[in-house]
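In: need the 3D shape of this:
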Amino acid sequence: MTRVMNSSPLRVAVYVFDVGSIRQNNFGWVRANINRSDDILVVGGRDIDDLIVSLRHDAEQGLPLALGGESPQFIGVPQDQSLLGSGREGEGDRSCFAPAGGYVATLGVQQMAFVLAGLRGIARRSELDWTRWDPQDANVILLFEAFVSGRCHDVDNDAMRDAATAAVRFLQMAQGSALLTDVRPRAGTTALSLIGAVALWSGLATDAAVLFEPVLVVKPAEPYCGPIEPYDSR
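Out: The predicted structure follows:
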């Protein structure tokens, strides 16, 4: 387990799913939280329905929630045509407009929509602005982007392990001084929020202003090497 040093651990349950083919068993998700021993506990699975069941259970228990998808959650729309096709600041050589980025962005929209549709009726609203998010507020679910690449990407392409890397990094930042985004719109562009569109579609957001909001992007610098307990829905 990974230990955090803080006398008042967060109660938030952090979920991340790694976008991938359901049919080919390339989808994976994890739930990470800080237990009473100040250890980060990571539980994971490969069934998207189990992800929804776990999210709904935590919501019913009154736990604050954060949910991230490992795919581009916003893109930049430039004013100058010469910037069309340019990636976001902080992406490095993993542009959201590269062929792989385009594939996972589209699949990520569908899978995030499926998950958020499964959360209808839990009497919560979504939040995209991480600077306004209160990690003690059980009426809000923070939506964010996970960006796991390079040396942090699991050598065996294990979707659960990539999801865990992002979830643990989120918890470590949230337990520290502040959440800081690693990717932002490039200068001269305006954010077009894919996750904002999904939140509106699902009913977890009602203000169309979310379509213009970038989201927190968690891009870990170190892979998570700790254990991942199997999820048990019983």
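In: which strand or helix spans the residue most central in space within the chain?
Out: When the chain is reduced to its mean C-alpha position, the nearest residue by Cα atoms, centre = their mean turns out to be residue 68, at 1.1 Å. Using DSSP states H and E, residue 68 maps to strand 65-69.
In: tell me the strands beside that strand, with direction?
Out: strand 13-18 (parallel), strand 140-146 (parallel) (DSSP bridges).
In: so in the protein, which helix runs the longest?
Out: In the chain, taking DSSP state H as the definition, the longest helix is helix 99-117.
In: how far does it sit from its chain's centre?
Out: Centroid displacement of helix 99-117 relative to its chain, using Cα atoms, centre = their mean, to the nearest Å, is 12 Å.
In: counting by contacts, list what whichever helix or strand comes after it packs against.
Out: Read in the C-terminal direction, the helix or strand following helix 99-117 is strand 125-127, with elements assigned using DSSP H and E. In terms of contact count using 3 or more Cβ pairs under 8 Å, 6 or more residues apart in numbering; DSSP states H and E, strand 125-127 is assigned the packing partners strand 140-146. C-beta here means a position set from N, CA and C on the backbone, and glycine is covered the same way.
In: can you name the element that comes right after the strand it packs on?
Out: Where DSSP H and E defines the elements, the next helix or strand beyond strand 140-146 is helix 159-175.
In: got the angle for that following helix vs strand 13-18?
Out: Taking axes from the mean of the first three to the mean of the last three Cα atoms, to 10 degrees, one finds helix 159-175 and strand 13-18 inclined to each other by 140 degrees.
In: packing partners of helix 159-175?
Out: Packing partners of helix 159-175 (3+ Cβ pairs under 8 Å, 6+ apart): strand 13-18, strand 28-34, strand 39-45, strand 65-69, strand 140-146, strand 217-218.
In: which neighbouring elements make contact with the next helix or strand along the chain from the shortest one?
Out: It stands for strand 217-218. Moving toward the C-terminus from strand 217-218, the first helix or strand encountered (DSSP H and E) is strand 229-230. Counting contacts by 3+ Cβ pairs under 8 Å, 6+ apart, the secondary-structure elements packed against strand 229-230 are strand 39-45.
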